[in-house]
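Asker: quick one, what's the 3D model for this:
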Amino acid sequence: MKKNTTFPNLIRKFVSPEELDLLMKAVGYEDAARKLDVMTLIRYLITAVTCISF
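Answerer: Next comes the predicted model:
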């Protein structure tokens, strides 16, 4: 199976961890998960929507 990591890597360039922290604070969200952080969840969801496997 071909692994495509281009798109998930591009997501990191569009939204930096600092910007993500600002967005989370603005919404009032606190990340309580231990193994799945918000950035990983966003990458999974966007990849699922675009039907790209990585």
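Asker: just the buried positions in the helix or strand encompassing residue 39, please.
Answerer: Using DSSP states H and E, residue 39 falls within helix 38-50. Neighbour-count burial for helix 38-50 flags 39, 43, 47 (criterion: 16 or more other Cβ atoms under 10 Å). Bear in mind the C-beta positions are built from the backbone N, C-alpha and C, glycine included.
Asker: helices or strands up against it?
Answerer: helix 6-14, helix 17-27 (3 or more Cβ pairs under 8 Å, 6 or more residues apart in numbering; DSSP states H and E).
Asker: make TSV out of those helices and add mean pLDDT and distance to residue 51.
Answerer: Listed next are those as TSV, based on pLDDT from 0 to 100; distance: least, Cβ to Cβ, whole Å:
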stretch	mean pLDDT	distance to residue 51
helix 6-14	73	10
helix 17-27	85	24
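Asker: output these as CSV; include the columns mean neighbour count.
Answerer: CSV is the format used below for the helices and strands packed on helix 38-50 (neighbours: other Cβ atoms under 10 Å):
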stretch, mean neighbour count
helix 6-14, 11
helix 17-27, 11
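Asker: so which of those gets nearest residue 34?
Answerer: Nearest of these to residue 34, taken as Cβ to Cβ: helix 17-27 at 16.4 Å.
Asker: quick one: residues in contact with that closest one.
Answerer: 30, 31, 38, 39, 42 (Cβ atoms under 8 Å, 6 or more residues apart in numbering).
Asker: mind putting the residues you listed into TSV with pLDDT and distance to residue 22?
Answerer: Listed next are the contacts of helix 17-27 as TSV, based on pLDDT from 0 to 100; distance: Cβ to Cβ, whole Å:
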residue	pLDDT	distance to residue 22
30	80	14
31	76	13
38	82	12
39	81	13
42	80	14
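Asker: cool, thanks, talk later.
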